[in-house]
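**Q** A structural model of the following input is requested.
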Amino acid sequence: MTSLAQLRERITDRQARIGIIGVGYVGLPLAIVFAEAGFRVTGFDLSAERAATINSGVSYIDDISSETVAHYVNAGLLDATADMSRLHEMDAISVCVPTPLSKTRDPDMSAVLTSAENIAQHLRAGQLIVLESTTYPGTTREIFLPRIQERGFVIGRDVFLAFSPERVDPGRTDWTTQNTPKVMGGITAACLEAGKALYGSAMQTIVPVSSPEAAEMAKLLENTFRAVNIGLVNEVLLMCDRLGLNAWEVIEAAATKPFGFMKFTPGPGLGGHCIPIDPLYLSWKLKSLDYTARFIELASEVNTSMPRYWVQKVADALNEQSKAVRGSTILVLGVAYKKDVSDVRESPALDIIHLLREKGATVAYHDPHVASIRLEGDRLHGVTDLDAALAAHDCVIVATDHTGYDWQQIKSRSRLIIDTRNAIRGTR
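**A** Numbering: from 1, shown residues only. Predicted coordinates for the structure are as follows:
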């Protein structure tokens, strides 16, 4: 029996052991989906503390409850470890590590490289390796393939290698890891078949493509589409500001067209684990091919300028009340990057706080989902008495619109309010 046939049989019988490297916002939901399908899943993480948290039945992300983690831990279907030597025990390994940007806005591939080295060190015949981390086209072939071949394994015969991009949107309940269509590209046809067999046993829809590069590019296209359109609508806001028009009124009017238009809205900037970062991976890759990704570069420039735009709006509004930013007390409402989550990765609210503090303001924040943040080495704790904070601060700037905020209370109690989400502005 071939390695592929043996792997497919173990998958069908639910005897295949699944390893997930990186059990964060992507890896933990994926682990739960495989556990729900009846597989024994082991999460691998460099943090022994995070592994211990899972083994104690506790979740540390919003989308997965502790009750769910505890259920699968107690059922013997989920465990976690920091011991990478146990990768040898796995039949399939999915890599879900972060791919952030460095301080110079270049791709930081250190976690992917470390994962590839750990896998190669403990590799055995019959294993399936699937990279899920968002990255530039060519990563799977350039980083994982040679390390596997150096061990003497033949790809598509002894070991199977594929790329299948994560499509996690924290906070969503309609589209989840289990029911969101899963793009899959294998190094060889046998690699694709192995990937389809595993993921198809736990997820509703698998979308095969011709290569890992096609799958890698598809993921970047998804997020570049969002980044460019958000950049466009943010620039529409800047243009409407110059023209004396209400950008939100213009956008709502345009959105009544039943064809040929997709509504995007302005905001404080881009946040989260994908949209502010992923397009720049593509831009970086294209620079090595002597090509400038102009839409990406321009959209990034516009989007990253938005926190400064809104800070200037705060300064202008305070100036109208004969107040300077320096010495003023400002409350930032919402620091998570999006509605109803605790995730602050790349949140533009953090940039707003930084810029206001840089101008001499005393800044506090309130967020029902985020108890504290780390900013420039400081640990800031959110205010708990929102009503008192609204009345005590010179200005409130809304960065994130969480469900549960009482907007009548916020408007009536605030001395001055600027809302980056829908341009509410008023004074008391």
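**Q** Tell me how far stretch 106-118 lies from the chain's centre.
**A** How far stretch 106-118 lies from its chain's middle: 17 Å, per Cα atoms, centre = their mean, to the nearest Å.
**Q** cool, stretch 182-192 as well?
**A** 24 Å.
**Q** end to end, how far does it reach?
**A** Terminal residues of stretch 182-192 are spaced 12 Å apart (Cα to Cα, to the nearest Å).
**Q** Make 10 the first number, not 1, from now on.
**A** Happy to do that; since the first residue is 10 now, the last one works out to stretch 191-201.
**Q** what residues does it touch?
**A** 13, 137, 149-150, 154, 164-166, 169-174, 176, 202-205, 208, 212, 214-225, 227-228 (Cβ atoms under 8 Å, 6 or more residues apart in numbering). Where you see a C-beta, it was placed from the backbone N, CA and C, and this is true even at glycine.
**Q** ok, the residue nearest the centre of the chain - contacts?
**A** Centroid-nearest residue in the chain, with Cα atoms, centre = their mean: His282, separated by 2.5 Å. His282 sits next to Tyr34, Pro107, Val177, Asp352, Arg354, Glu355 when contact means Cβ under 8 Å, 6+ apart.
**Q** pretty sure it belongs to a strand, no?
**A** No: using DSSP: H, G, I helix; E, B strand; the rest coil, the assignment for His282 is coil, not a strand.
**Q** so where does the residue lying closest to Pro107 once chain neighbours are set aside fall, helix or strand?
**A** Distances taken as Cβ to Cβ, 6 or more residues apart in numbering place Ala120 nearest to Pro107, at 5.6 Å, with adjacent residues excluded. Per DSSP states H and E, Ala120 falls inside helix 119-130.
**Q** Tell me the confidence at the closest residue to Cys200 other than its chain neighbours?
**A** Distances taken as Cβ to Cβ, 6+ apart put Phe169 closest to Cys200, at 4.4 Å, once the chain neighbours are dropped. At Phe169, the predicted lDDT confidence score is 98.
**Q** In this model Ala134 seems to touch Phe169, though I could be wrong.
**A** No: counting by Cβ atoms under 8 Å, no contact exists between Phe169 and Ala134, whose distance comes to 10.4 Å.
**Q** overlap in contacts of the two?
**A** Ser12.
**Q** who's more crowded, those two?
**A** Phe169 (29 against 13; other Cβ atoms under 10 Å).
**Q** contacting residues around that one?
**A** Counting by Cβ under 8 Å, 6+ apart, Phe169 has contacts 12-13, 16, 136-138, 195-197, 199-200, 203-204.
**Q** wait, is it part of a helix?
**A** No: counting by three-state DSSP, Phe169 is not part of a helix but strand.
**Q** hang on, the earlier thing: give me the helices and strands touching the helix holding Ala120, please.
**A** The contact analysis (3 or more Cβ pairs under 8 Å, 6 or more residues apart in numbering; DSSP states H and E) places helix 119-130 against strand 26-30, strand 101-104, helix 154-158.
**Q** Walk me through which strands the helix or strand following that helix pairs with, and which way each runs.
**A** The helix or strand immediately downstream of helix 119-130 is strand 137-140, counting by DSSP H and E. Taking DSSP bridges as the criterion, strand 137-140 forms sheet pairs with strand 101-104 (parallel), strand 169-172 (parallel).
**Q** Quick check: buried residues in stretch 243-260?
**A** Going by neighbour count (16 or more other Cβ atoms under 10 Å), the buried part of stretch 243-260 is Asn243, Glu244, Val245, Leu246, Cys249, Ala256, Trp257, Val259, Ile260.
**Q** measure that stretch end to end?
**A** End-to-end distance for stretch 243-260: 11 Å, by Cα to Cα.
**Q** does Phe304 sit in a helix, a strand or a coil?
**A** Applying three-state DSSP: Phe304 is helix.
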